[in-house]
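S.K.: Build the 3D model from these lines:
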Amino acid sequence: MTQNRTKPSIEPQIAGRAMRVAPFIAMDVMAQAAAKERRGETVVHMEVGQPAAPAPRAAREAAKAALDLGRIGYTEALGIAALRERIARHYRDAYGVAAPPERIVVTTGSSAGFVLAFLAMFSAGDRVAITAPGYPAYRNILEALGVEPVVIPLQKATGYVMTADAVRAAHAQRPLAGVLVMSPANPSGTMMGRVELAALGEACRELGLWFVSDEIYHGLTYGEPAETALAVHSDAVIVNSFSKYYCMTGWRIGWLVVPERLTRTVERLAQSLYISAPYLSQVAAIAAFDAREELEAVRTGYARNRAILLEELPKLGISEMHPADGAFYLYADIARFTNDSLDFCKRALDEAGVAVTPGLDFDPIEGAHHMRLSFAGSEQDCLEAIRRLKAFLR
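M.R.: Now for the predicted structure:
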């Protein structure tokens, strides 16, 4: 009689590159804040870069009208022609630069845009220059794809922007494949001027590097308008989205502008990775371009919030910040209070009910004594946050 024996099981392993991807701390803070609210406690949300305002009325009505037609299907992988043409027109109207529809790729938010662009431009083992502080998803996506992020620390002496000299120095040390900048920046709101962008673009041309410009916060400025890298580098790869200025985070709709030689490669990737961006979101996005009056009113609200924080935070002993030229963030030095921003922000949430993001999300070294505050909420939120932080810090 044969005896049945259960063979020992072998557990499959999680991919090493996935295990190396750090958590997106701002999203962790949002989850912790939500748990606090489920317990019946109140939270002032300043942790995530999400507009409190709804999507423009015209965008919502366009989506409703499309929904009433019944058939919501796939679109071309590059996006519906009407949206690509409207984005091209936006570049002519807003910047006076040419970005033909053939160079436009509609994406499932800027996040998918980064994945498509990085896969098309970089091979495993390539090195790409990014900044510290900087948006953490850059580092995480690059590492997930086997690409090495080369962190260039930003300096007060150079206005907290990436410089051409810093890129040349990093490339001389070990060759780079690309450079990624953001203006206005996350977490700081700091902008690059035309001169700095042009110098960086020229360095990329000289060294044969891809030049990627994240322009997701364009439209949200409080002085001079933001410059597009396309104005100084015709082959720059532009990443943008309807999430921030257009208040459409949950619609997951964005776009790329890529050199024509890259379009077919990106199209093939999009076909297999997600087929197409959501049809309803694309229809809504077309209409959002015509909601400027409504969107400018939202931006005016951000400007008020920014002014409140810039006036009140120094009274609390928080006075050292990167220039907040645009976006809806302040990136503040809290060394006076702590060298452990994770603990500081956890206590601010637990004890004061104010959700803010530790600087370690954006800078693994200097971020230990920084925090980011989003002022994308209401004026009442900003005033209440100041009141609570005052009690917390006394």
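S.K.: Next, please give the residue ranges for the helices of the stretch 201-350 of the chain.
M.R.: Using DSSP state H, counting those that start in this stretch, the helices of the stretch 201-350 of the chain run over 260-273, 279-288, 292-312, 341-347.
S.K.: Give me whichever of the ones you listed is most buried.
M.R.: helix 279-288 (a mean of 23; mean count of other C-beta atoms under 10 Å). In short, each C-beta sits where N, CA and C put it, glycine included.
S.K.: Helix 292-312 and that one, what's the angle between them?
M.R.: 80 degrees (axes from the mean of the first three to the mean of the last three C-alpha atoms, to 10 degrees).
S.K.: quick one: contacts of helix 279-288?
M.R.: 55-56, 58-63, 65-67, 72-75, 79-80, 82-83, 86, 106, 242, 246, 248, 251-253, 295 (C-beta atoms under 8 Å, 6 or more residues apart in numbering).
S.K.: CA atoms only: put that helix into CSV for me.
M.R.: Written as CSV, here are the backbone C-alpha positions of helix 279-288 (Å, rounded to 0.1, in the frame of the first residue of the first chain):
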residue,chain,number,x,y,z
TYR,A,279,-12.9,57.6,-22.5
LEU,A,280,-15.1,59.6,-20.1
SER,A,281,-12.0,61.3,-18.6
GLN,A,282,-10.7,62.2,-22.1
VAL,A,283,-14.1,63.8,-23.0
ALA,A,284,-14.1,65.7,-19.7
ALA,A,285,-10.5,66.9,-20.2
ILE,A,286,-11.4,68.5,-23.5
ALA,A,287,-14.1,70.6,-21.8
ALA,A,288,-11.8,71.4,-18.9
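S.K.: so where is the protein shaky, pLDDT-wise?
M.R.: For the chain, applying pLDDT under 70 flags the ranges 1-5.
S.K.: any idea how it splits into domains?
M.R.: As recorded under automatic domain parsing, the domains making up the chain are 16-54+292-393, 58-288.
S.K.: give me the element residue 63 is part of.
M.R.: helix 57-68 (DSSP states H and E).
S.K.: who touches residue 136 in this structure?
M.R.: Here residue 136 is in contact with 22, 24-26, 361-362 (C-beta under 8 Å, 6+ apart).
S.K.: Can I have the buried ones of these as a PyMOL selection?
M.R.: In PyMOL syntax, the buried subset of the contacts of residue 136 is picked out as below (16 or more other C-beta atoms under 10 Å):
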select buried, resi 24+25+26+361+362
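S.K.: Closest one of the contacts of residue 136 to residue 131?
M.R.: Distance ranking of those against residue 131, using C-beta to C-beta, places residue 362 first at 9.1 Å.
S.K.: Now render the helices of the stretch 201-350 of the chain as JSON lines, adding distance to residue 384.
M.R.: As requested, the helices of the stretch 201-350 of the chain are exported to JSON lines (distance: least, C-beta to C-beta, whole Å):
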{"stretch": "helix 260-273", "distance to residue 384": "42"}
{"stretch": "helix 279-288", "distance to residue 384": "30"}
{"stretch": "helix 292-312", "distance to residue 384": "11"}
{"stretch": "helix 341-347", "distance to residue 384": "17"}
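S.K.: For residue 383, find the nearest of those helices.
M.R.: helix 292-312 (6.6 Å).
S.K.: So what touches that closest one?
M.R.: 51, 53, 56-58, 219-220, 222, 245-247, 288, 321, 324, 328, 330, 373, 375-379, 381-383, 386.
S.K.: and those residues, which of them are in strands?
M.R.: Counted as lying in strands by DSSP state E, out of these, are 330, 373.
S.K.: Could you tell me which of the contacts of helix 292-312 count as buried?
M.R.: Those of the contacts of helix 292-312 that meet the buried threshold are 51, 53, 56, 58, 219-220, 222, 245-247, 288, 321, 324, 328, 330, 373, 375-377, 381-382, 386, by 16+ other C-beta under 10 Å.
S.K.: Now tell me what touches stretch 141-156 from outside.
M.R.: Residues contacting stretch 141-156 (C-beta under 8 Å, 6+ apart): 17-18, 20-21, 111, 114-115, 118-119, 122-134, 138-139, 160-162, 166-167, 170, 174, 176-177, 322, 363-366.
S.K.: quick one on the thing from earlier: in a markdown table, list the contacts of residue 136 along with secondary structure and distance to residue 198.
M.R.: Below are the contacts of residue 136 laid out as a markdown table (DSSP: H, G, I helix; E, B strand; the rest coil; distance: C-beta to C-beta, whole Å):
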| residue | secondary structure | distance to residue 198 |
| --- | --- | --- |
| 22 | coil | 33 |
| 24 | coil | 32 |
| 25 | helix | 34 |
| 26 | helix | 32 |
| 361 | helix | 30 |
| 362 | coil | 26 |
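S.K.: so which of the contacts of residue 136 would you say is closest to residue 190?
M.R.: residue 362 (12.1 Å).
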